[in-house]
Every structure is written in structure tokens, then in C-alpha cells.
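> 3D, please:
(one chain, ligands or ions: 2)
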Amino acid sequence: MTRKMPIIITGGGQRLGLACAKALNAEGHQVIITYRKPREEIRSLEQQGVVCIQADFSSTKGVDDFISTVKQNYSALGGIIHNASEWESEKNSVDPSTLMEKMWQVHVFAPYRINLAFEGLLCAGFEHDGQADIIHMTDYVAEKGSDKHIAYASSKAGLTNLTYSFAKRFAPNINVNAIAPSLLMFNDEDAPEYRNKALNKSLLRKEPGEQEGVLAVQYILSSRYMTGRTLSLDGGRHLV
Ligand SMILES: NC(=O)C1=CN([C@@H]2O[C@H](COP(=O)(O)OP(=O)(O)OC[C@H]3O[C@@H](n4cnc5c(N)ncnc54)[C@H](OP(=O)(O)O)[C@@H]3O)[C@@H](O)[C@H]2O)C=CC1
Ligand SMILES: Nc1nc2c(c(=O)[nH]1)N=C([C@H](O)[C@@H](O)CO)CN2
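Numbering: from 1, shown residues only. Ligands and ions are numbered 1, 2, ... in the order given. Take a look at the predicted model:
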């Protein structure tokens, strides 16, 4: 059922976020996305009727400015998909404290602050549509850890835990769930040997592409009996 109240997708300018924005917009949903860098994809989404809000969640001010913009323009929300993310490893020459702060800022602080700020808008969306959803995009490594993306994995574990807490706090009007991919799509710069190693980590040994994530989002938005849970998209990696 198409939701009348808008659905926010953070980080909707590329890859999974962009695919979700296009799919939900095509289904007739009102879609709002956030982005940092103006580019052709943003202009194209605007031409398709998607509302694009420039927002950078790397600072408290950036998060609060986004919250203010939404509250000034909307009185209800049908959902929010916390997709914005930076995948940074310890191998880069970044100071560990800076890296940990950056990962927790975008993956935990921003979703935490935004969920609390938008509770009333989402409840208004529930009153209107009979449903409202929060979806956290986490990661398989939240459960297993990562020796090369330690700070990143810890922050995704923090986001996983927010799923449980907000599911308890917002029930029964707002469902809160997570999607934990192990691999959806590589980055252009990923070398062949890296890609082969990553593919061999799962039983199915494939790069499913962003549509696998879109399907998971569509399922959760259509479900009426799921909250506090994680959809794992990992090709059987947990059995390897
Ligand atoms: N790709 C994969 O295989 C996997 C992905 N995931 C998770 O799925 C989600 C989507 O993955 P993917 O599409 O690859 O994500 P990307 O790495 O493409 O990042 C998504 C968006 O996050 C936005 N973003 C990053 N930092 C900030 C910030 N500080 N403030 C605001 N926006 C920010 C970027 O916006 P902009 O470009 O406008 O700057 C970017 O477009 C992520 O949460 C990711 O962790 C989990 C496991 C595997
Ligand atoms: N924000 C992002 N998070 C993640 C990405 C990404 O590109 N952006 N990519 C991965 C990898 O696919 C990894 O799961 C396997 O190589 C993980 N998270």
C-alpha cells in the first residue's frame, strides 16, 4: 500500500540510497532524500518529484539543521531509512580517535538524534497511514566484527542496538527494523583480487547488487508484524 506521508532516505544520491529513492518514487510514495554533494543524480531525482535536502551529518549542527528543515516543512512522516554511511578502514592514515568519532557520528549519533526528533512526525504519519517505519542500514560485520574496519563495525553494532531500543520505545505505532548486508555492490576502485576474496566469503559467492537491498526495504515497508528485527542479506556467509 502506498504511504501518503513522505519517506526520508538519508544518503540518497548514489548506489543503494538512490536505488531505493527511485523504486519508492516509482511506487507512488512521496520521497525525500538527503545528499552532500550536488550532482546530476540529484537534479534527476528532483525532476522526478523527489525532494532533495542537502545535509551533512558529520556535525551536531548539520544534524540539527536537517531536523529543523524537515520540521519546518512537514507535519507528518511515513518513514525514515537511515542509509547514510562512510565505510572507512584503519588502514587509511586517519587518527584512530578521529575515525571512531566519525563512524559513530554518522552511524549512531545522527540516527539517534533524528529518530528522537521525528517521533511526533512519525506518529502523525501512523495516524494518517496506519503505519510508520524506521529502517537502519547496518552491516553483517556488526555481528561478527571486522579486523580492517574496527571503528566502522563497532558503529554499525551501535546502530543495531538502536534498532532494539527504538523498537521498544516507539511500539506499537512505529516499527523499527534493520537490514544487514554483507555484500551488496562493490566500489569501482575494488581490485579483482579483493572482489574474489569478498565473493568467496559467502556460500552463494555473488555480488547481488542494490536491488537486493531495495527488495528488503520494500518487504519491511509492507510488513505489519515485524519490529526490532534485522533482515540479513549475506548469501549464507554465516555458514562458511
Ligand atoms: N555496499 C555494500 O556492499 C554494503 C553496504 N552496506 C550499508 O548499506 C548502506 C548503503 O551502502 P552504499 O550504497 O554502498 O553506501 P555509500 O558508501 O554509497 O554511501 C551512501 C551515502 O552516504 C552519504 N553520507 C556519507 N557520509 C555522510 C555524512 N556525514 N552526512 C550525510 N550523508 C553522508 C553519502 O552522501 P553523498 O554521496 O551525497 O556525500 C553517500 O551517498 C550503507 O549504510 C552501508 O554501510 C552494508 C554492507 C554492504
Ligand atoms: N557506506 C558503505 N558501507 C559499506 C560499503 C560501502 O561501499 N559503503 N561496502 C561494503 C563492502 O561491500 C563489504 O561489505 C564487502 O566488501 C561494506 N559496507
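
> how much space between the residue positioned nearest the centre of the chain and residue 107?
Centroid-nearest residue in the chain: residue 83, 2.0 Å away (criterion: CA atoms, centre = their mean). Separation of residue 83 from residue 107 (CB to CB, to the nearest Å) stands at 11 Å. C-beta: built from backbone N, CA, C; applies to glycine.

> residue furthest from the geometric center of this protein?
Max radial position in the chain (CA atoms, centre = their mean) goes to residue 193, at 28.0 Å.

> quick one: that residue is in a helix?
Yes - Residue 193: assigned to a helix according to DSSP: H, G, I helix; E, B strand; the rest coil.

> Would you quantify the distance from it to ligand 2?
Distance, residue 193 to ligand 2, using CB to the nearest ligand atom, to the nearest Å: 12 Å.

> Can you list the strands that the longest strand seen in the chain pairs with?
If you go by DSSP state E, the chain has its longest strand at strand 175-181. When pairing is defined by DSSP bridges, strand 175-181 lines up against strand 133-137 (parallel), strand 230-233 (parallel).

> which of those sits most buried?
Neighbour counts (mean count of other CB atoms under 10 Å) averaged over each of those peak at strand 133-137, with a mean of 26.

> Please look at residue 137 and residue 106 and confirm they touch.
No - counting by CB atoms under 8 Å, residue 137 sits too far from residue 106 to count as a contact (11.3 Å).

> which residues are in contact with both of the two?
Residues touching both residue 137 and residue 106 (CB atoms under 8 Å, 6 or more residues apart in numbering): residue 85.

> what residues does the chain put near ligand 2?
85, 86, 87, 139, 182, 183, 187, 198 (CB under 6 Å from any ligand atom).

> tell me the SS of the fourth one?
So the one you mean is residue 139. Strictly by three-state DSSP, residue 139 counts as coil.

> Pop out the phi and psi values for it.
The phi/psi pair for residue 139 (degrees, to the nearest 10) reads phi -170, psi 150.

> okay, now it: neighbour count?
The burial count assigned to residue 139 is 26, neighbours taken as other CB atoms under 10 Å.

> give the contact list for it.
By CB under 8 Å, 6+ apart, the contact list for residue 139 reads 152, 153, 156, 180, 181, 182.

> Roughly how far does the residue farthest from the centre of the chain sit from residue 200?
Separation of residue 193 from residue 200 (CB to CB): 11 Å.

> Make sure residue 48 is actually in contact with residue 25.
Yes - between residue 48 and residue 25 a contact is recorded at 5.7 Å, counting by CB under 8 Å.

> Look at these two and report which has more neighbours.
Legend: neighbour count by other CB under 10 Å for residue 48 and residue 25, higher for residue 25 (18 against 12).

> before we move on, which element is that one in?
Taking DSSP states H and E as the definition, one finds residue 25 inside helix 15-26.

> can you list the residues that contact that helix?
With CB under 8 Å, 6+ apart, helix 15-26 has contacts from 7, 9-12, 31, 33, 41, 45, 48-50, 81, 83-84, 137, 184-185, 210-211, 213-214, 217-218, 221.
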